[in-house]
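Student: Sequence and predicted structure below; questions after.
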Amino acid sequence: MADESNPLRDADRILMAAVDDAIEDAARSAGHHLRGGDDTRSRQDYFADGVMRHLFLRLCGADPATAAGGDPEIAWKILYAGRNVARHWEREGEDRKTMRRKRERSDDLDRDRSERREIIRSAQHYAMTLVVQALADQARLSDPQFVERLEAAIDARAAKLGIVSEADALFISSAKDYVSLLTRTREQGAAVPDHQAITE
């Protein structure tokens, strides 16, 4: 089995060979326009970097020409994965003292704190959603119209605001979305564990 050809692995090799050929061709055809044109390796690196940036933008759903419109969540996932790889390489090649210094770098510490805050915030939202849905299930047993009463309260707030701005309209529509999300029955499916799903 191990000796048999794997179609996906073969396709991967073909793709990587094509990318390598394209980088080599670009270095030969246009590399002389770069500074240090006699340094073939730096020319190859320049075009390899261009490929990497293009693929990064494409994977994030951005416009490769303008770098606009990408998905920040996908970008952060890719960047975090790269940071983990970098740390693994650091562990492979350096002593513990050097590793300790690098772990204490301010940018890494800031990212770690940011990740931790996001995880805690997401966990809090998820736990709150579970609790509120359980309470909504109980409330529905004693008052089948309680969801309608909540929606009526939002409509009353909308009437009081008068919807004079986009912010007012966003507030009301978001409130209705959250009520719908938090009062779903189990048959309707679990609530989305993050507020971003509502705005999307």
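Tutor: Yep, that arrived.

Student: how far away is the residue nearest the centre of the chain from residue 166?
Tutor: Nearest to the geometric centre of the chain sits residue 73, at 1.6 Å (Cα atoms, centre = their mean). In this view, residue 73 and residue 166 are 25 Å apart by Cβ to Cβ, to the nearest Å. For glycine as for every other residue, the C-beta is placed from the backbone atoms N, C-alpha and C.

Student: quick one: buried residues of the lengthiest helix in the chain?
Tutor: Using DSSP state H to define each element, the chain has its longest helix at helix 106-142. The neighbour-count check on helix 106-142 (16 or more other Cβ atoms under 10 Å) flags 129, 132, 133, 136, 139 as buried.

Student: now stretch 141-160
Tutor: 147, 150, 154, 158.

Student: Which ones among these lie within helices?
Tutor: 147, 150, 154, 158.

Student: and which of those residues is nearest residue 125?
Tutor: Taking Cβ to Cβ as the measure, residue 125 lies nearest residue 150 of these, at 19.0 Å.

Student: ok, the closest one - contacts?
Tutor: Taking Cβ atoms under 8 Å, 6 or more residues apart in numbering, we find residue 150 in contact with 179, 183.

Student: Recalculate using a threshold of 6 Å.
Tutor: Applying Cβ atoms under 6 Å, 6 or more residues apart in numbering to residue 150 gives the contacts residue 179.

Student: now it: how far from residue 72?
Tutor: Taking Cβ to Cβ, one finds residue 150 at 32 Å from residue 72.

Student: for this protein, what spans make up the helices?
Tutor: Going by DSSP H, the chain shows helices at 7-30, 40-59, 72-93, 96-103, 106-142, 146-161, 166-182, 196-199.

Student: which one of these lies closest to residue 66?
Tutor: helix 40-59 (9.2 Å).

Student: Kindly provide the whole-number mean pLDDT of that closest one.
Tutor: The average pLDDT within helix 40-59 is 84.

Student: Could you name the residue of this structure that is farthest from its center?
Tutor: Distance from the C-alpha centroid of the chain, by Cα atoms, centre = their mean, peaks at residue 142 (41.0 Å).

Student: so what's residue 76 scoring on pLDDT?
Tutor: 86.

Student: likewise the one 5 residues further on?
Tutor: The score at residue 81 is 83. That number is its pLDDT.

Student: now it: how far from residue 50?
Tutor: Applying Cβ to Cβ, the value for residue 81 to residue 50 is 21 Å.

Student: likewise residue 70?
Tutor: Taken as Cβ to Cβ, the span from residue 70 to residue 50 is 17 Å.
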